[in-house]
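Peer 1: sequence unknown, structure follows:
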């Protein structure tokens, strides 16, 4: 979270950057791919030795598909979502794995932060105005969504009810 910086939208009152969690490091990914390749090769060699050579094609296909899916999963970790609260608006900036950026802006005057709970569905965190709504933090778990909702509500409250400190009004000791 950050506060006090300025840009074209005015002072930044709240900032959250959300990135999908990936427990596998690039080094771990390489090791996992190597282990899959070795295991698949051993299985293919075994089938070749017993004369079931057509199975080798399926083993190669399996190794390639596992590698592609792990690569796509690792690539999706580059995605991120930024939640930026300025004095008069909430900006939601979504950056996809390819770097494509989408931005949505909601006026903060009548903005509410809502958690929608449905049985058999994941918790949804929504920023709502009278005419529009946007889902926030789709990559977050339930606890993180609740924490983000609390932080956003606090930031909105602080923006709507500023505390002014006038030294002339303080009591002198």
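Peer 2: Sure, I can see it. Since the model is a prediction, treat every value here as computed from it, not as a measurement.
Peer 1: how about residues contacting the longest helix along the chain?
Peer 2: Among all segments of the chain classified by DSSP state H, the helix with the greatest residue count is helix 26-49. Contacts made with helix 26-49 from outside it, assessed by C-beta atoms under 8 Å, 6 or more residues apart in numbering, are listed as 24, 53, 55-56, 59-60, 62-63, 66-67, 70, 74. For the C-beta atoms, the positions are set from N, CA and C on the backbone; glycine is no exception.
Peer 1: quick one: distance of it to the chain centre.
Peer 2: 31 Å (C-alpha atoms, centre = their mean, to the nearest Å).
Peer 1: domain ranges for the chain?
Peer 2: With domains defined by automatic domain parsing, the chain comprises 6-22+78-160, 26-76.
Peer 1: how about the longest helix of the chain, which residues are buried there?
Peer 2: Burial within helix 26-49, assessed by neighbour count using 16 or more other C-beta atoms under 10 Å, is assigned to 29, 33, 40, 43-44, 47.
Peer 1: related to what we said a few turns ago, which two in the contacts of helix 26-49 are spaced the farthest apart?
Peer 2: Greatest spatial distance in the contacts of helix 26-49: 24 and 53, 33.4 Å, computed using C-beta to C-beta.
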